[in-house]
Every structure is written in C-alpha cells, then in structure tokens.
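Colleague: Provided below are the primary sequence and the corresponding predicted coordinates.
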Amino acid sequence: MAKVVFPDSFTAATGGVREIATHAENYRALTVELVARWPDLSELLERSAVAIDGQIYQDAFLEPLDADAEVFFMARIEGG
C-alpha cells in the first residue's frame, strides 16, 4: 500500500503529521480518495506540490503510484 504523509500544520483536517495507506494507482485517484475522507482538503490539494518517492511535482495528476510509494505533500513554489 502506498503511504501518504502530511507534514505538520498542512491542514487542521489531517491533524498534523498523519500517515495513511492507500491503494490508489495514480495521483488523481489518490486526491479523490483524500477529498472523500477530508472534504476541506480539496482547495488545499490544488495549491500544493507533492513528492512521490522523493521526486517533486508541481502537477502530478497522472503520475502512477507503486504499491509501496511514499507521497509527501508540501507548499507549492510559485515563480522561479
């Protein structure tokens, strides 16, 4: 199962650092699963970057998730 990690203070809905297991096969499916669990994450997820197994993506919607992937959310970096 892929592991999803929210950092401290990411959102009150997730209660700080929280690890959850998921069977999502790609990042888009994962976001649907997370919003179903915590509806107020929807807007925040749209403004977030994500690291999947250490590779940082600003837009990762179609990225596949391996069975043992680690997904870590972080603030999106705007500008260059």
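Modeller: Perfect, I can see it now.
Colleague: Only C-alpha atoms from now on, for both contacts and neighbour counts.
Modeller: Noted.
Colleague: so what strands line up beside the strand or helix carrying Ala51?
Modeller: Using DSSP states H and E, the element containing Ala51 is strand 48-52. Applying DSSP bridges to the sheet, strand 48-52 is found paired with strand 55-57 (antiparallel), strand 70-75 (antiparallel).
Colleague: Tell me the buried residues in the longest one?
Modeller: What that stands for is strand 70-75. Neighbour counts over strand 70-75 (16 or more other Cα atoms under 10 Å) mark 70-74 as buried.
Colleague: The shortest one now?
Modeller: Of the residues in strand 55-57, those with enough neighbours to count as buried (16+ other Cα under 10 Å) are Ile56.
Colleague: Kindly provide the whole-number mean pLDDT of that strand.
Modeller: For strand 55-57, mean pLDDT rounds to 91.
Colleague: Let me see the contact set for the spatially most central residue of the chain.
Modeller: Nearest residue to the geometric centre of the chain (Cα atoms, centre = their mean): Phe73, 4.8 Å. Residues in contact with Phe73 (Cα atoms under 8 Å, 6 or more residues apart in numbering) are 5-7, 48-51.
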